[in-house]
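Enquirer: the following block contains a protein sequence and its predicted model.
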Amino acid sequence: MSYLDGSAPDKIAVLGAGSWGTTFAKILGDAAAGTDRKVVLWGRRQEVVDQINDLHRNPRYLSTTELPQNITASVDVKEVLKDAELVVLAVPAQTLREQLRSLAGHLAQDAVVVSLMKGLELGTDQRMSQVIEAELGLSSDRVVVISGPNLAMEIARQEPTASVVACTDENTAKWVATLCKPKYFRPYTVDDVVGVEIGGIVKNVIALCVGICEGQKVGDNTKASVITRGLAETTRLALALGGKAETMAGLAGLGDLVATCSSALSRNHTAGRMLGEGLTLDEVNNRMTQTAEGIKSGRAVSDLAAKIGVDMPITNAVVGVLEGKLTVDELGPLLLARQLKSEGE
Ligand SMILES: NC(=O)c1ccc[n+]([C@@H]2O[C@H](COP(=O)([O-])OP(=O)(O)OC[C@H]3O[C@@H](n4cnc5c(N)ncnc54)[C@H](O)[C@@H]3O)[C@@H](O)[C@H]2O)c1
Ligand SMILES: O=P(O)(O)OC[C@H](O)CO
């Protein structure tokens, strides 16, 4: 098997033909150019699968992107998983556990599983790598997380981007990194899976807050203050869970936080902006056509932080707004009225 001997796989499966799943399939397909390696996408909708197979496009999510010829798609998850030595997961975080239960028996022996997801499971407060290990019975050396400042639309346009490939096993991380390095995407390897996942999860909640600021038409000082203090509380949580401070200063921490909080392409930022403009959460949800993980993960982050005694005032305030306990006008004054303390506390 390829991850054990370091040889390239013949087939890679990507589950989830949404915005990021399709873009990441393109990354893998472009990186496999000139080889016999196949990339097979699983999608829920027959129409999306047909368009990928017939037109090499996914107009629903990436209207202008032409996909490489070595990508095919199917609605049959068993067929997609058959003999796939690398399996990449890009479905909404809150649906992952249920989906894994239906595919557990179909995973190829020794397959490595990659999570592209940036959410925390409601109710269990588990990270996606924990859900994958538990549901598929995998050891941590076969579970990889890829995260960073990776707005799908920009990468689909082949604008240069860096990312991190995280695994407790350095060889597995290196093996996966070699499979996703087309000329426009540069993966770095790290061993801090916890830090990488926490960075990706919490930045979505902070981006909701920055979006709220934008909707309320406050300026850059406010947004920079939220981003910086957001990184401070993200780092507190990551460290308390065993993550590393340097990860939070890296691509999956600061890098992703800046990209998500600054970009109109971000779904979390967009959802926050609509809340800031006065829309209710129901109205925002009705307008969203793609996944904004922070809306549901915010509560899980808040619960996890409370459980282990980590102070996360911005996250808690955003959750207050999402749950209708706080208005967007009350959010800023509430955060500013907190007791004074030193910046490093
Ligand atoms: N889009 C990005 O720029 C980006 C970048 C990095 C990470 N991510 C992360 O990747 C994950 C997937 O995001 P995305 O952007 O591809 O989302 P998306 O909303 O664009 O697509 C989600 C995909 O999952 C499928 N799906 C399967 N089961 C589903 C279910 N039960 N309910 C709803 N959809 C279901 C949908 O059909 C769709 O193909 C998220 O955790 C997100 O945070 C996204
Ligand atoms: O569109 P968002 O808010 O889910 O963010 C997408 C990516 O996570 C940015 O790195």
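Expert: Alright, I've got the coordinates. Ligands and ions are numbered 1, 2, ... in the order given.
Enquirer: tell me, how many residues neighbour the residue in the chain that ligand 1 sits nearest to?
Expert: Nearest to ligand 1 in the chain, going by CB to the nearest ligand atom, is G18, at a distance of 1.8 Å. (Each C-beta comes from the backbone N, C-alpha and C, glycine too.) Using other CB atoms under 10 Å, G18 has 21 neighbouring residues.
Enquirer: give me the element the residue most central in space within the chain is part of.
Expert: Nearest to the geometric centre of the chain sits K118, at 3.0 Å (CA atoms, centre = their mean). Using DSSP states H and E, K118 falls within no helix or strand.
Enquirer: nearest residue to D30 other than its sequence neighbours?
Expert: P182 (3.7 Å; CB to CB, 6 or more residues apart in numbering).
Enquirer: I figured the one you found was touching A31, is that so?
Expert: Yes: assessed by CB atoms under 8 Å, P182 is found in contact with A31 at 4.6 Å.
Enquirer: between these two, point out the one with more neighbours.
Expert: Counted by other CB under 10 Å, P182 and A31 do not tie: A31 has more neighbours, with 22 against 17.
Enquirer: hmm, stretch 186-205 touching ligand 1?
Expert: No: counting by CB under 6 Å from any ligand atom, ligand 1 is not contacted by stretch 186-205; separation bottoms out at 6.7 Å.
Enquirer: for the stretch 1-150 of the chain, what lies in contact range of ligand 2?
Expert: Close to ligand 2, as judged by CB under 6 Å from any ligand atom, the stretch 1-150 of the chain has residues 118, 149-150.
Enquirer: quick one: V328 and G276 touch, right?
Expert: Yes: applying CB under 8 Å as the test, V328 and G276 come out as touching, 5.4 Å apart.
Enquirer: which neighbours do those two share?
Expert: Residues touching both V328 and G276 by CB atoms under 8 Å, 6 or more residues apart in numbering: 212, 215-216.
Enquirer: most neighbours among those, which one is it?
Expert: Among the shared contacts of V328 and G276, I212 has the most neighbours (other CB under 10 Å), with 25 neighbours.
Enquirer: quick one, what contacts the closest residue to it other than its chain neighbours?
Expert: Excluding the flanking residues, the one nearest I212 by CB to CB, 6+ apart is G276, at 3.9 Å. Contact analysis of G276 by CB under 8 Å, 6+ apart lists 211-216, 328.
Enquirer: pipe those residues into TSV and attach pLDDT, distance to ligand 1 and secondary structure per row.
Expert: As requested, these are exported to TSV (pLDDT from 0 to 100; distance: CB to the nearest ligand atom, whole Å; DSSP: H, G, I helix; E, B strand; the rest coil):
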residue	pLDDT	distance to ligand 1	secondary structure
G211	98	15	helix
I212	98	19	helix
C213	98	21	helix
E214	98	18	helix
G215	98	21	helix
Q216	97	24	coil
V328	98	23	helix
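Enquirer: in what helix or strand does R229 lie?
Expert: Judged by DSSP H and E, R229 forms part of helix 220-240.
Enquirer: thinking again about what came up before, what's the spacing between the residue nearest to D30 and A264?
Expert: 25 Å (CB to CB, to the nearest Å).
Enquirer: which residues of this structure lie near ligand 1?
Expert: Residues of the chain lying near ligand 1 (CB under 6 Å from any ligand atom): 16-21, 43-44, 61, 90-93, 95, 116-119, 150-152, 290-291, 293.
Enquirer: output the below-cut-off pLDDT ranges for the protein.
Expert: Scanning the chain for pLDDT under 70 picks out 1.
Enquirer: where do the domain boundaries of it fall?
Expert: Per the record, the chain has its domains at 2-191, 195-336, by automatic domain parsing.
Enquirer: quick one, what contacts R44?
Expert: Contacts of R44 by CB under 8 Å, 6+ apart are 17, 75.
Enquirer: am I right that it is in a strand?
Expert: No: counting by DSSP: H, G, I helix; E, B strand; the rest coil, R44 is not part of a strand but coil.
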